[in-house]
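**Student:** Got a sequence here, can you build the structure:
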Amino acid sequence: MHADPAGVLTGTHFLDGDHACCEGCLAAGARFASGYPITPSTEVVERFASRIPTVGGTFIQMEDELAASICLQGAVWGGAKAFTVTSGPGFSLMMEHIGYAAMTETPCVFVNVQRGGPSTGLPTLPAQADMMQARWGSHGDYGIIAICPNSPQECFDLTLKAFNLSEQYRVPVMVMMDEVVGHMTEKVVIPPAGKIEVTPRKHTKKSPADYKPYQCNGDGSLVPEMAHAGEGYKFHVTGLTHDERGYPNMTPAVQDKLVKRLRDKIDNAPDLVLYEGEHLDDADVVVVSYGITSRVAQRAIDEARAQGLKVGKLRLIIAWPFPTKLIRELAPKVKAFVVPELNLGQMVLEVERAARGAAKTIHVPHAGGSVHRPEDIVKAIVEANQ
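**Tutor:** Model prediction:
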């Protein structure tokens, strides 16, 4: 289906990443947001609060991030598309409810405009240090999706995609921005509503008597259909291990079946590999990057290739689930992977794990607060090529 024209600000704009992200939410059909202000993410919901009266919907500023991250889930079960926005310590506070969204299969979007940490850290300066927290921050076994835009245009495009994936897989999706991308201002083109594809909620066609909120249809899909509160269906939504009706059933057999499905519906989905690749066929060295670091890495790749080095680019657009198979296929063909990121070692561990020793993995760390110098990445590429 196409987007609702009421939420689409069609045209060519000059927007920062936070504002473009908000427009992506509106174009996707989000009509509810709950949030608590925290830099550098606040501008997303400030714009939503100013835009939503003309579109139709609700924004609530809650008392803290704990309340914001559970409030939106009530809105989803009431039929809305919903999201929240945060950064740094606010993301840490939301972890329990991200796990709750995974367990209850609540389709929703969490936007994290990353800043330096730990704790209060660097409120208005960049980092990419929440990548592992996005995947593993809540307890238990489950799958999530994390998307990494590297421009204001992608903040619009990929936020829209995040909502579509959340509906397709009934899963919380993280939009992992960073302070630089959030505050960077560039040209953003928003298409007409008729050219924006929006994934509708997978609403059940079963009668209330036949419907079970967590029962798959037997068509091979691991994603159950949804119904909404107030439509005559019976619900029991709980974070406890539950059966297909949603009723608590804390036996090992039910836990095994449920948790494996929560993980497998994401980890085994073939369409959740999304990356930008260049010169991968003949590369000796592949630079793996994401977010704002990918734009710095592009300068380094260009300089290294100008020196005659065979350098390929692999930009992670979907970081979680991690493209293990892709790295595993590339590893025997290259000398090394070079992984710059604004942390002291997170996604590089996944690259190293996937490569399984078939190629060197060289990290280019940065503790955050600014971005890499391209020459530091070039130096790592030259060393990797030896």
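**Student:** make it CA atoms for all contacts and neighbour counts henceforth
**Tutor:** Fine.
**Student:** and Ser294, what does it touch?
**Tutor:** Each residue near Ser294 by CA atoms under 8 Å, 6 or more residues apart in numbering is listed here: Asn150, Val288, Arg315.
**Student:** mind putting those in CSV, distance to Pro118 included?
**Tutor:** CSV is the format used below for these (distance: CA to CA, whole Å):
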residue, distance to Pro118
Asn150, 23
Val288, 24
Arg315, 26
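**Student:** Report the rounded mean pLDDT for stretch 356-364.
**Tutor:** The average pLDDT within stretch 356-364 is 97.
**Student:** Then stretch 292-309?
**Tutor:** Mean predicted lDDT for stretch 292-309 stands at 97.
**Student:** ranges for the helices of the stretch 101-250 of the chain?
**Tutor:** Along the stretch 101-250 of the chain, the segments classed as helices by DSSP state H, counting those that start in this stretch run 131-136, 152-169, 179-183.
**Student:** Save those helices as TSV, and put in mean pLDDT and mean neighbour count too.
**Tutor:** Below are the helices of the stretch 101-250 of the chain laid out as TSV (pLDDT from 0 to 100; neighbours: other CA atoms under 10 Å):
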stretch	mean pLDDT	mean neighbour count
helix 131-136	97	18
helix 152-169	98	25
helix 179-183	97	26
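**Student:** how about these, which one is nearest Pro40?
**Tutor:** Proximity to Pro40, assessed across these by CA to CA, is greatest for helix 179-183 (5.9 Å).
**Student:** Which strands or helices does the closest one pack on?
**Tutor:** Applying 3 or more CA pairs under 8 Å, 6 or more residues apart in numbering; DSSP states H and E, we find helix 179-183 packed against strand 11-16, helix 17-28, strand 108-116, strand 122-126.
**Student:** can we see that at 7 Å?
**Tutor:** Under the contact definition 3 or more CA pairs under 7 Å, 6 or more residues apart in numbering; DSSP states H and E, helix 179-183 sits against helix 17-28, strand 108-116, strand 122-126.
**Student:** State the next helix or strand along the chain beyond the first one.
**Tutor:** Think helix 17-28. Next helix or strand after helix 17-28 toward the C-terminus (DSSP states H and E): strand 30-35.
**Student:** Show me how far that following strand is from its chain's centre.
**Tutor:** In terms of CA atoms, centre = their mean, to the nearest Å, the centre of strand 30-35 is set 17 Å apart from its chain centre.
**Student:** sorry, back to before: including neighbour count and distance to Ala6, could the contacts of Ser294 go into JSON lines?
**Tutor:** Below are the contacts of Ser294 laid out as JSON lines (neighbours: other CA atoms under 10 Å; distance: CA to CA, whole Å):
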{"residue": "Asn150", "neighbour count": "26", "distance to Ala6": "27"}
{"residue": "Val288", "neighbour count": "25", "distance to Ala6": "39"}
{"residue": "Arg315", "neighbour count": "25", "distance to Ala6": "34"}
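**Student:** Check the spacing between Arg201 and Asn164 real quick.
**Tutor:** Note on Arg201: its distance to Asn164, by CA to CA, to the nearest Å, is 9 Å.
**Student:** closest to Phe322 out of the helices of the stretch 101-250 of the chain?
**Tutor:** helix 131-136 (9.8 Å).
**Student:** Pass me the low-pLDDT residue ranges in the protein, would you?
**Tutor:** Applying pLDDT under 70 to the chain flags no residue at all.
**Student:** please redo it, this time with the cut-off set to 80
**Tutor:** 218-220, 235 (pLDDT under 80).
**Student:** quick one: contacts for His236?
**Tutor:** If you count contacts by CA atoms under 7 Å, 6 or more residues apart in numbering, His236 has them with Gly246, Tyr247.
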